[in-house]
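Undergrad: Predicted coordinates and the sequence they were generated for:
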Amino acid sequence: MCCFMEKMLASMLADFEMKVEKDVLEPLNKLSEDDLPEILKNKKQFAKLTTDWNSARTKSQASTGPQAKQDGLREEVEEAWRRLESIKDEYSADLYHFATKEDDYANYFIRLLELQAEYHKHSHEFLDKNISELKENHSQKGSQLSLSNQKVYGEPLLSHLSESNREIAVPIEECIHMLLRTGMTEEGLFRSRGGVPR
């Protein structure tokens, strides 16, 4: 019974992880592969061009050389500014585009919490029901065995039956109960004959 419960819990966990993969991780993975790399690339480019523009501006302001050199530095500042404005527009557009999907991404995290709640709820209900049944069966068998207070294994069958006042030996009865509980769907036990080895 405990093995059956562990198997069911493992199955529930696997089902939960597959739902998380499909409903949460795949969409978030798409975000990390598509949107974020472009945003981070533009952020890095924006920081670099800001540094370039500041550097060109500082050089231009500090220049005291001939007019032609100052004009060249001024053009360099203007070119740096144009490139900075261009990447700033791209970066802003990416951030706005990302912000429009905020609800979708929030819903993925909400879905994750819902899946976790559902998984824990079903696991708890399953355990609660089956542990109660397990305890009940165990206490019934324990009381039967403690009442007889006789050895079961290593004793002659007839003396065990007469001392415990039973018609069927405890090990045989337990085997039958186990077969009825778990073996009704097992091929070869009750439904049809098992495969014949060649």
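TA: Okay, I see it. Residues are numbered from 1 along each chain as shown.

Undergrad: Looking at this protein, which helix is longest?
TA: Ordering each helix of the chain by length in residues (DSSP state H) puts helix 102-148 first.

Undergrad: What residues does the residue with the largest distance to the centre of the chain make contact with?
TA: Largest separation from the mean C-alpha position in the chain: Pro66, at 67.7 Å (C-alpha atoms, centre = their mean). Taking C-beta atoms under 8 Å, 6 or more residues apart in numbering, we find Pro66 in contact with no residue. Bear in mind the C-beta positions are built from the backbone N, C-alpha and C, glycine included.

Undergrad: same thing with Ser63?
TA: Going by C-beta under 8 Å, 6+ apart, Ser63 touches 69-70, 73.

Undergrad: go on, Pro27?
TA: By C-beta under 8 Å, 6+ apart, the neighbours of Pro27 are 104, 108.

Undergrad: In terms of secondary structure, what does whichever helix or strand Val77 is part of contact?
TA: Val77 is located in helix 67-100, with elements delineated by DSSP states H and E. For helix 67-100, the elements it packs on are helix 36-62, judged by 3 or more C-beta pairs under 8 Å, 6 or more residues apart in numbering; DSSP states H and E.

Undergrad: Buried residues of the helix it packs on, list them for me.
TA: Buried residues in helix 36-62, counted by 16 or more other C-beta atoms under 10 Å: 42, 45-46, 49, 52-53, 56-57, 60.

Undergrad: Same check on stretch 86-104?
TA: Under 16+ other C-beta under 10 Å, the buried positions of stretch 86-104 are 87, 91, 94.

Undergrad: the inter-axis angle of the helix or strand of the chain with the lowest mean pLDDT versus helix 102-148?
TA: In the chain, no helix or strand scores lower on mean pLDDT, DSSP states H and E than helix 157-164, which sits at a mean of 78. With axes from the mean of the first three to the mean of the last three C-alpha atoms, to 10 degrees applied, the angle from helix 157-164 to helix 102-148 works out at 90 degrees.
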